[in-house]
Every structure is written in structure tokens, then in C-alpha cells.
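> Any chance you could fold what I've pasted below:
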Amino acid sequence: MKNLRVCADCHMAIKLISKVYDREIVIRDRSRFHHFRGGSCSCKDYW
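Take a look at the predicted model:
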């Protein structure tokens with residue numbers, strides 16, 4: 001596991017995947033956990 005931030009493209013792709021597949025996806029980056037649900041992220045796109 002690497003200690004990196006989520007890139008903008010990956011962030012957008014994971015939001016889309018969570019909406020299309022109606023799943024919650026949790027990703028940890030260097031500074032926080034991102035909870036993707038229904039096409040939105042818990043960080044409100046501020047990361």
C-alpha cells in the first residue's frame with residue numbers, strides 16, 4: 001500500500017462507479033477516508 005492522494009481522474013471514476021453499480025466504496029488516501037455513495041464523495045470534492 002502506498003501513501004498517496006487520490007488523483008482527480010480516479011476520484012471522478014470512483015464516483016461514477018458508485019453511482020452506476022449503486023454501491024458504497026471506501027478508499028483511504030494519505031489524509032482521509034473517502035466514502036463514495038450514489039455518485040458523491042464524503043469529502044464533497046474538497047481534498
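> Cys41: neighbour count?
Residues lying near Cys41 (other Cβ atoms under 10 Å) number 20. Just so you know, the C-beta spots here come from the backbone N, C-alpha and C atoms, and that holds for glycine as well.
> so what's it bridging to?
On the basis of DSSP bridges, Cys41 is bridged to Phe36.
> ok, now which ones touch it?
11, 14-15, 34-35 (Cβ atoms under 8 Å, 6 or more residues apart in numbering).
> which among these gets closest to Arg23?
Ranked by distance to Arg23 (Cβ to Cβ), those are led by Ile14 at 10.3 Å.
> Would you agree that closest one is in contact with Phe36?
Yes. Using Cβ atoms under 8 Å, Ile14 makes contact with Phe36 at a distance of 5.2 Å.
> State the distance from Arg37 to Glu24.
5 Å (Cβ to Cβ, to the nearest Å).
> residues shared between the contacts of these two?
Among the neighbours of Arg37, those also in contact with Glu24 (Cβ under 8 Å, 6+ apart) are Ser18.
> neighbour count winner among those two?
Neighbour tally, Arg37 and Glu24, criterion other Cβ under 10 Å: the higher count belongs to Arg37, 15 against 10.
> Please determine how far the more buried one is located from Leu4.
23 Å.
> ok so, going back, joint contacts of Ile14 and Phe36?
25, 27.
> quick one: which of the two has more around it?
Neighbour count, other Cβ under 10 Å: between Ile14 and Phe36, Phe36 has more, with 21 against 18.
> Mind checking which of the contacts of Cys41 land in helices?
11, 14-15 (DSSP state H).
> any idea which of these is closest to Arg28?
Distances from Arg28 to the ones in helices among the contacts of Cys41, taken by Cβ to Cβ, are shortest for Ile14, at 12.3 Å.
> how close does that closest one sit to Val20?
Separation of Ile14 from Val20 (Cβ to Cβ) stands at 11 Å.
> which among the ones in helices among the contacts of Cys41 gets closest to Cys43?
Nearest member of those to Cys43, counting by Cβ to Cβ, is His11, at 8.5 Å.
> quick one, strands of this protein?
25-28, 33-37, 40-41 (DSSP state E).
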